[in-house]
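S.K.: pasting a predicted model and its sequence here:
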Amino acid sequence: MSGQSYPKAFTGRHMTAILVAFFAVVITVNFTMARLASSTFGGTVVDNSYVASQHYNEWLARAAAQERLGWERSVALDAERHVRLVVRQRDAVLTGLAVKATLSHPLGRVEPRALHFVPAADGSLRTTEAVPAGRWRLDLSIRRGADEARYRDALK
């Protein structure tokens, strides 16, 4: 039996090393994911969920009224990065619209700012200022007489 080698025995030190390495990986992944999540979250969806729930039926009624208007919008960036907005009802372009628009970063990294629209020659509405490069969220409130519609669009 002198030429035979035996494997090393599995000791408490081996088990301790395995457990320490396992938990080190788990803790590192958890801290990394928590840091990434907190650095990309732009804030709360609603400040008080109970108060928001009290308005839920009102919001549903407003959404149904907006749907009944039959308005369809088209939002795009032109070559100079100005927002072009066209609102149609059936096949006709709507005119006489009052538009309020807010441009904000989807992660809240930049302060929201108001955009101003002016009529363009082709019947569309065009912003007076260009949109900076990057991802943006455009919140629109469009009024025509007593009718109002609200939309949210992503711009790239």
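M.R.: The structure has been received and is ready for your questions. Numbers count the residues shown, from 1 in each chain.
S.K.: what's the first helix or strand after the regular element (helix or strand) spanning residue 37?
M.R.: Assigned by DSSP states H and E, residue 37 belongs to helix 12-40. The C-terminal neighbour of helix 12-40 among helices and strands, as given by DSSP H and E, is helix 49-54.
S.K.: pull the distance from that following helix to the chain's centre.
M.R.: The chain centroid and the centroid of helix 49-54 are separated by 21 Å under CA atoms, centre = their mean, to the nearest Å.
S.K.: rounded mean pLDDT for the helix holding residue 37, please.
M.R.: In this model, helix 12-40 has a mean pLDDT of 94.
S.K.: so how far is that helix off the chain centroid?
M.R.: Here helix 12-40 is found 30 Å from its chain centre; the criterion is CA atoms, centre = their mean.
S.K.: domain parsing of the protein, as residue ranges.
M.R.: Structural domains of the chain, as assigned by automatic domain parsing, span the residue ranges 10-41, 71-155.
S.K.: ok, now how distant is the residue nearest the centre of the chain from residue 137?
M.R.: Taking CA atoms, centre = their mean as the criterion, residue 106 is the residue nearest the geometric centre of the chain, at 4.4 Å. Between residue 106 and residue 137 the computed distance is 5 Å (CB to CB, to the nearest Å). Placement of C-beta: from N, CA and C, glycine included.
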